[in-house]
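# build the 3D model from these lines:
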Amino acid sequence: QQRKGAEALTLTGKKAAKAAGRITQGKAALRDVYRVVTGQIYQPENEGIANSLAALRNTVVSTMLGGAIFSGLADRAFARMVADLNGVSAWQTFARQLSLWNPVNGADRRAAQRTGFINDLALGNAIGQARYFGEVVGPGWSRKLSDVVLRIGGLSPWTTWGRTGFGLEVLGHITDQMKRPFDKLDDMTKRSFEVYGITPEDWDLIRATETFRDPETGATILRPVDVIGSAIPNVRVKQIGNRWRIVDPQDSVIQTPRGNAIDGGGHLTEELANKQRTAIEQRSGGSKEFQRRRDAGTKLDGLIVQESELAIPQTSARTIALTTLGSQPGTFAGEVGRNVFLFKSFPITLLMTHVRRAVTGNFTKFEKAKYWAHLVIGTALLGALGEQMRQIADGKDPLPMDPTTEAGAKLWSKALLREGGLGLMG
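Here you go, the predicted model:
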C-alpha cells in the first residue's frame with residue numbers, strides 16, 4: 001500500500017484517480033478481512049432475518065452435502081501437491097489420516113492434541129461445512145443438524161484428521177531434520193522455510209529446542225510452542241517446610257532478591273512468592289532471547305497451519321470477506337452475498353490459494369507443470385472416482401467412463417466441475 005501511495009503522488013489526472021481507486025479498494029478489502037478475523041462480520045444487523053436465512057442455508061447444506069465425503073477424495077490430489085513441496089511422503093500423510101480416523105486408536109488422537117492440534121470434532125464444530133462455506137451461524141438446531149449430517153456422512157472427520165495428519169507428518173519431517181544446519185537441509189525443506197521467512201538463525205534456535213516425548217505413544221516431536229516457551233523459565237512456587245520458595249523443574253531453589261518481598265520472619269509469603277515468580281516470567285518474556293524464539297516459533301507454527309490448510313483446503317478469511325460482500329448477516333448486501341455464493345466459496349478459495357500459488361510460486365518449469373497437472377487432472381481423476389462411488393452409494397450402476405459417449409462425457413464434466421479445476425463454473 002505504501003508503494004502504491006508513493007506512485008499515486010507522482011501521477012496526475014486520470015492515472016492519479018485510478019491509482020487512488022486501487023488504494024481505496026485495497027484498504028476496503030483489508031478492512032473486510034479484518035472484520036472476518038475479529039468476528040465482526042458474523043454479528044447480525046437484523047437478528048430475525050439473519051437467523052431465518054441462516055437456518056435455511058444450514059438445512060440446504062445438510063441435504064446437499066450428505067455425500068460430500070466422495071468429493072473429499074479430491075483432497076488427496078491437493079495433499080500430494082503440498083506434500084511434494086514440503087519434502088513429505090503423500091502416502092505417509094494419508095496413512096496418518098486413516099490412523100487418526102480409526103475409532104479404536106485414541107492414543108494417536110490424544111498425542112496429536114498434546115502436540116498442539118485442535119480436535120474440531122470434540123469442539124462440536126461443523127468443520128465439514130466450515131471448510132466449504134467458511135461460517136456456521138444461525139439457530140442452534142440448524143447448526144446441529146448440519147453438524148450431525150456431516151459427521152455421519154464422514155466429511156467432518158475426513159477433514160479434521162486429514163489436516164491434523166498432514167500437519168503431524170510435516171512436523172515429523174522437520175523433527176528429523178533437526179541435526180542438520182540450514183545449509184545442509186534438503187532443497188524442499190529449505191525452500192519451504194524461506195517461503196515462511198524462517199532464517200538460518202531461526203533454524204538454529206528451533207533445532208536447539210528440546211523435543212517433546214509423548215507420554216502415551218513414546219513418539220518424539222518438535223512442537224512450535226516449545227520453541228517459544230523454552231526462553232521462559234519453567235518456575236513454580238512450592239512450600240518447603242514452613243517456607244515458600246521459587247523452584248525450577250528439578251525442585252532446586254531459585255535465589256530471588258529479598259527486599260520487601262518477605263514476611264516478618266524474613267521469608268517469602270505464598271502471595272509474594274507468586275508475585276516474584278510472575279516477575280521472573282515477565283522479565284524473560286520481554287528479553288531479546290524470548291522475542292527471537294517467539295518469532296521463530298510463530299513462523300514454524302505458521303508453516304504447519306498454512307500448509308495443512310492448503311493440503312486439506314478450507315474457506316479462507318479473504319474468501320469470506322468476498323462472498324459476504326463485507327457485510328453482516330441481516331443486511332441486504334450480506335444476505336445476497338451469502339446466498340448467491342453459497343456453493344462458490346470453496347472454488348473461490350482454490351482460486352486464491354492453489355491457482356495463485358501455481359501462477360506466482362517460485363517453481364521450475366517442470367515443477368509448475370507438475371503442480372498444474374495435479375490441480376486439474378489429479379483432482380478430476382479423483383473426482384471421477386468420487387462420482388462413481390456416489391452412484392454406487394445411491395444404488396445405481398457406475399457410469400461409463402468413455403468420454404466419447406454421452407454418459408462418459410457427463411461423468412467427466414461432473415468430475416471437473418464438482419471436484420476438479422473448473423469448480424468455479426460448476
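# can I assume His374 is in contact with Ala79?
No - His374 is beyond contact range of Ala79, at 9.7 Å (criterion: C-beta atoms under 8 Å). For the C-beta atoms, the positions are set from N, CA and C on the backbone; glycine is no exception.
# more crowded one of the two?
Using other C-beta atoms under 10 Å as the criterion, His374 and Ala79 rank with Ala79 on top: 28 against 23.
# mind checking how far that one is from Glu289?
Relative to Glu289, Ala79 is positioned 37 Å away (C-beta to C-beta, to the nearest Å).
# if you skip the residues just before and after it, what's nearest to Gln328?
Glu45 (4.8 Å; C-beta to C-beta, 6 or more residues apart in numbering).
# just the pLDDT for the one you found.
Predicted confidence (pLDDT) for Glu45: 85.
# my guess is it meets Gly334, correct?
Yes - between Glu45 and Gly334 there is a contact under C-beta under 8 Å: 7.2 Å.
# more neighbours: the two, which one.
Legend: neighbour count by other C-beta under 10 Å for Glu45 and Gly334, higher for Gly334 (22 against 15).
# quick check: closest non-adjacent residue to that one.
For Gly334, the spatially nearest residue (C-beta to C-beta, 6+ apart) is Ser327, at 3.5 Å.
# so how many other residues sit close to the closest residue to Asn46 other than its chain neighbours?
Distances taken as C-beta to C-beta, 6+ apart put Gly330 closest to Asn46, at 3.4 Å, once the chain neighbours are dropped. Neighbourhood size, Gly330 [other C-beta under 10 Å]: 19.
# got it, and the one 5 residues further on?
Around Glu335 sit 23 other residues, with neighbours defined as other C-beta under 10 Å.
# and the host helix or strand of it, what does it pack onto?
Here Glu335 is covered by helix 332-340, with elements defined by DSSP states H and E. Helix 332-340 sits against helix 47-64, with contacts defined as 3 or more C-beta pairs under 8 Å, 6 or more residues apart in numbering; DSSP states H and E.
# so which bits of the helix it packs on are buried?
49-51, 53-55, 57-59, 61-62 (16 or more other C-beta atoms under 10 Å).
# does Ile198 fall in a helix, a strand, or a coil region?
Secondary structure for Ile198, judged by DSSP: H, G, I helix; E, B strand; the rest coil, is coil.
# circling back to that earlier point, next one: the residue nearest to Gly334 from Thr319, what distance?
15 Å.
# what about those two, which has more around it?
Comparing Ser327 with Thr319 by other C-beta under 10 Å, the one with more neighbours is Thr319, at 25 against 19.
# what segments of the chain are strands?
Assigned by DSSP state E, the strands in the chain fall at 212-213, 220-221, 236-240, 243-247.
# could you list the low-pLDDT ranges of the stretch 301-426 of the chain?
For the stretch 301-426 of the chain, applying pLDDT under 70 flags the ranges 418-426.
# might one say that Ile41 is in contact with Thr323?
No - the criterion here is C-beta under 8 Å, and Ile41 misses it with Thr323 at 10.5 Å.
# report the set of residues contacting both of those two.
When C-beta atoms under 8 Å, 6 or more residues apart in numbering defines a contact, no residue borders Ile41 and Thr323 alike.
# neighbours of the closest residue to Thr189 other than its chain neighbours, just the number please.
Distances taken as C-beta to C-beta, 6+ apart place Gly87 nearest to Thr189, at 5.0 Å, with adjacent residues excluded. Residues lying near Gly87 (other C-beta under 10 Å) number 19.
# and Gly87, what does it touch?
173, 186-189, 192 are the contacts of Gly87 under C-beta under 8 Å, 6+ apart.
# with Trp412 instead?
380, 384, 401, 403.
# most widely separated two among those residues?
Spanning the widest gap among the contacts of Trp412 are Ala380 and Met401, at 11.8 Å by C-beta to C-beta.
# with neighbour numbers in mind, choose between those two.
A direct count of neighbours by other C-beta under 10 Å for Ala380 and Met401 places Ala380 higher, at 23 against 15.
# hang on, that one packs against Leu416?
Yes - counting by C-beta under 8 Å, Ala380 touches Leu416, with 5.1 Å between them.
# these two touch, right, Glu55 and Ser142?
Small correction: residue 55 is Ala, not Glu. Yes - counting by C-beta under 8 Å, Ser142 is a contact partner of Ala55 at 4.0 Å.
# look up how far Gly172 lies from Ile312.
Distance, Ile312 to Gly172, by C-beta to C-beta: 17 Å.
# give me the more crowded residue out of those two.
Higher neighbour count among Ile312 and Gly172: Ile312, with 25 against 18, using other C-beta under 10 Å.
# what about the more buried one, distance to Asn102?
For Ile312, the distance to Asn102 - C-beta to C-beta - is 18 Å.
# same question for Pro329.
Remark: distance between Pro329 and Asn102 (C-beta to C-beta) = 38 Å.
# more neighbours: which of these two?
Pro329 (23 against 11).
# just give the closest residue to the more buried one, not the sequence neighbours.
Counting by C-beta to C-beta, 6+ apart, the residue nearest Pro329 is Ala50, at 3.5 Å.
# okay, the one you found: pLDDT?
Reading off the model, Ala50 has pLDDT 85.
# Gly5 now?
At Gly5, the predicted lDDT confidence score is 47.
# what about Ser99, how many neighbours?
15.
# that one reaches Gly106, doesn't it?
No - in this structure, Ser99 is not within contact of Gly106 by C-beta under 8 Å, at 11.3 Å.
# please, where are all the helices along the stretch 1-150 of the chain?
For the stretch 1-150 of the chain, the helices defined by DSSP state H, counting those that start in this stretch cover 2-9, 13-38, 47-64, 75-85, 90-101, 106-115, 127-133, 140-153.
# among those, which is nearest Arg357?
helix 75-85 (8.7 Å).
# look up how far Leu171 lies from the nearest residue to Met64 once chain neighbours are set aside.
Counting by C-beta to C-beta, 6+ apart, Met64 lies nearest to Phe343, which is 7.8 Å off, once chain neighbours are set aside. Noted for Phe343: a distance of 34 Å to Leu171, by C-beta to C-beta.
# again, but for Thr353
21 Å.
# who has more neighbours, these two?
Using other C-beta under 10 Å, the more surrounded residue of Thr353 and Leu171 is Leu171, with 23 against 19.
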